[in-house]
Every structure is written in C-alpha cells, then in structure tokens.
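Trainee: Build me a model:
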Amino acid sequence: VHLVESGGGLVQAGGSLRLSCAASGRTFSDFAMGWFRQAPGKEREFVASISWSGGNTYYRDSLKDRFTISRDNAKDTLYLEVNSLKPDDTAVYYCAARWLAAPSPTPKDYDDWGQGTQVTVSS
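Mentor: The predicted structure follows:
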C-alpha cells in the first residue's frame, strides 16, 4: 500500500497538530497501522498503533496522555492527534502498514512506509 503523510510543521511548545496518512493501492482495512518517529541521531521509535478496525489502540507509555491514534477506513486515512507538544517531540513522523496482522511496536514487522512528515517544536 502506498502511504503519504501530511500535517507536520513548525509549532510552539504546548501546541497541537493533526497528522494524516493517506493510503492508496490496496484495501486499507486489511492493514494494521502504526506511527513511528525518528529524531536526528536517534533510532526510529514506536509512537502508536491501531488494529484494522480501529477497535484496538496501543501507545508508547510516555506518549499516551498526549497522543491519539485513529483511522477512517471509509477515507483510507490514518490520523495522529498530538497535543501539548514539547521540543523533545521534534522528529520525522512516519506511518506504516502491516498486512493482515495485529499491530506491533516493532518497525521491522511493518510492510510499507510513508516518506515521513517533519514536526518541529520550538521552545
């Protein structure tokens, strides 16, 4: 499946963003989806994931109070609401798709990736 992220940008600390990931080319509801992020000089890390139906969501413990993952299968789109942003949230955010499987926090478990969207949080 082809994935395209959008919605990133420059935001002040305390602000909010809504990231989107538009899917095409395959049946979106066949995929569990995940959001990951990678800051400069750091490894890619798990942010959140969601089952094909949206009924099950999982979060990195340190982010679950500020981030919300959701999906709209009718629109073939994945979302990530990010609130109370901090400078440490600065990273490229990627969406990823895992075909006919459960969500996973492990990047290697995912089959397809988007190109990423940059989120920069100023202090």
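
Trainee: tell me the secondary structure for residue 62?
Mentor: With DSSP: H, G, I helix; E, B strand; the rest coil as the basis, residue 62 sits in helix.

Trainee: Burial check on it, number of neighbours?
Mentor: Neighbourhood size, residue 62 [other C-beta atoms under 10 Å]: 10. (Glycine included, C-beta is placed from N, CA and C.)

Trainee: do the same with the one 3 residues further on
Mentor: As a burial measure, residue 65 scores 10 neighbours (other C-beta under 10 Å).

Trainee: State whether it is indeed within a helix.
Mentor: No: Residue 65: not assigned to a helix; according to three-state DSSP it is coil.

Trainee: The residue nearest the centre of the chain: helix or strand, and which one exactly?
Mentor: In the chain, the centroid-proximal residue (C-alpha atoms, centre = their mean) is residue 35; its distance is 2.4 Å. Using DSSP states H and E, residue 35 maps to strand 31-38.

Trainee: Thanks a lot, catch you later.
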